[in-house]
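Enquirer: using only what follows, build the 3D model:
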Amino acid sequence: MRFLDRAARAAVIIIAWLGLAFLTIPLAIIVGASFTETEFLQFPPSGFTLRWYAQFLEDFSYLTSIGTSVAIASVATVLSLLIGVLTALVISRSSIKGRRALNAIFIAPLILPTIVIGAALLQYANALGFARTFFALAVGHTVIVVPYVLRTVLASLERFDQSLEEASYDLGGNAVDTFFLITLPIIKPGLVAGGLFAFIISWINVELSIFNVTAELQPIPVKLFNYVQYAVDPMLAAISAATIYVAIIAVLILDWFVGLDRVAESQK
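Expert: Got it, this is the predicted structure:
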């Protein structure tokens with residue numbers, strides 16, 4: 001039995017490392033290719049240059065697209081946090097009928113193909129007169145990221161000791177004070193994790209965005225999608241690498257302010 005246990009443990013470790021390699025090696029190739037001196041994508045890179053990053057940063061249209069993506073992702077993240085926290089509190093705390101149906105409605109965007117949501121949003125926004133605007137993109141991105149916030153906050157609330165809130169009320173605290181002084185700090189790991197997921201999912205979205213963009217309003221993923229149809233060069237790798245750096249920075253920020261171990265613990 002000991003031999004079988006050790007073999008099973010070794011197999012799990014090997015599979016885990018293979019999975020990690022499968023996820024990280026393509027990213028390493030993209031980052032490496034962004035420094036090549038050749039006029040075409042090459043890995044390992046031939047030489048080392050920051051030329052493609054400079055070319056990317058000198059193109060105002062890409063900087064504008066990055067700003068658009070940051071703005072959309074930020075608005076969608078804030079709105080999803082507000083909606084997700086309120087909905088999670090209703091689902092986990094209230095005794096109203098239809099809580100499961102409410103949960104299913106808010107989780108539905110995880111099941112529906114994003115491209116279908118994008119097409120539906122275009123028709124809906126067009127009927128109301130705000131199609132292909134920043135507002136339309138913000139609404140659409142909020143719809144697809146709310147489930148991530150809702151799930152992480154619900155996971156935190158399931159482990160929440162409500163006697164702490166009762167103690168706050170017994171000491172004279174009102175509902176607002178109790179929420180901000182007791183509830184919010186305890187569910188903070190789930191809140192931050194959900195916000196991080198929301199920002200990243202919004203940042204990388206193409207399927208929904210592509211239905212609601214204009215020549216002047218293009219998030220960076222859509223800009224890349226359009227660019228790759230006509231050219232594949234190291235500047236594409238440089239832009240893609242820049243988005244990887246953004247994701248890494250977001251994870252480091254999460255670890256710095258909350259701690260990845262606490263976030264993981266809150267979701268168990």
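Enquirer: low pLDDT regions in the protein?
Expert: Across the chain, the ranges flagged by pLDDT under 70 are 1-4, 160-166, 168-170, 173-174, 231, 254-255, 257-268.
Enquirer: closest to the centroid, which residue in it?
Expert: I200 (2.6 Å; CA atoms, centre = their mean).
Enquirer: not counting sequence-adjacent ones, nearest residue to that one?
Expert: In space, and not counting its chain neighbours, I200 is closest to A247: 6.0 Å by CB to CB, 6 or more residues apart in numbering. Backbone N, C-alpha and C define where each C-beta goes, glycine included.
Enquirer: isn't that neighbour right up against I201?
Expert: No. If you go by CB atoms under 8 Å, A247 and I201 don't touch, sitting 11.0 Å apart.
Enquirer: between these two, which one's more packed in?
Expert: Taking neighbours as other CB atoms under 10 Å, A247 and I201 compare with I201 leading, 19 against 15.
Enquirer: for the closest residue to that one other than its chain neighbours, the count of nearby residues, please.
Expert: Closest residue to I201 apart from its sequence neighbours, by CB to CB, 6+ apart: V145 at 5.1 Å. Neighbour count for V145, taken as other CB under 10 Å: 28.
Enquirer: ditto for G129
Expert: Around G129 there are 7 residues (other CB under 10 Å).
Enquirer: buried sites along stretch 222-239?
Expert: Residues of stretch 222-239 classed as buried by neighbour count (16 or more other CB atoms under 10 Å): 222-224, 227, 233-239.
Enquirer: same thing with stretch 34-50?
Expert: 34-36, 41, 45.
Enquirer: quick check: next helix or strand after the lengthiest helix in the chain?
Expert: Taking DSSP state H as the criterion, the chain has its longest helix at helix 60-93. Using DSSP states H and E, the helix or strand that follows helix 60-93 towards the C-terminus is helix 99-107.
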